[in-house]
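Enquirer: My questions concern the predicted model and sequence given below.
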Amino acid sequence: MQASVGDRLLVHGRIVGQHDRTGEVVEVLGENGSPPYRVRFEDGHETVMSPGPDAVVRHFASDE
């Protein structure tokens, strides 16, 4: 998994009734875009995480 600051991280719910969560990568702590990442979720909560197979990176589309 590779991500950059500004990319969105979509974490799928793992149990019935659990909603997907979306967060913004605010810091890349690994080398060359590798985990772990500091992620800020929509509710304002920040955490350092190494996403598992239930997560997908949505790369930020630059206007350049």
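Expert: Sure, I can see it. Numbers count the residues shown, from 1 in each chain.

Enquirer: Report all helices and strands that whichever strand or helix holds T22 contacts.
Expert: According to DSSP states H and E, T22 maps onto strand 21-28. Counting contacts by 3 or more CB pairs under 8 Å, 6 or more residues apart in numbering; DSSP states H and E, strand 21-28 is packed against strand 8-11, strand 37-41. For the C-beta atoms, the positions are set from N, CA and C on the backbone; glycine is no exception.

Enquirer: Name the residue closest to the centre of the protein, please.
Expert: In the chain, the C-alpha nearest the mean C-alpha coordinate belongs to L9, at 2.7 Å (CA atoms, centre = their mean).

Enquirer: what sits against that one?
Expert: Contacts for L9 were tallied using CB atoms under 8 Å, 6 or more residues apart in numbering; they are 3, 22-25, 37, 39, 51, 55-58.

Enquirer: ranking those residues by neighbours, who comes first?
Expert: Neighbour tally across the contacts of L9 (other CB atoms under 10 Å): the maximum, 27 neighbours, falls on Y37.

Enquirer: residues contacting it?
Expert: Here Y37 is in contact with 3, 9, 25, 27-30, 48-51 (CB under 8 Å, 6+ apart).
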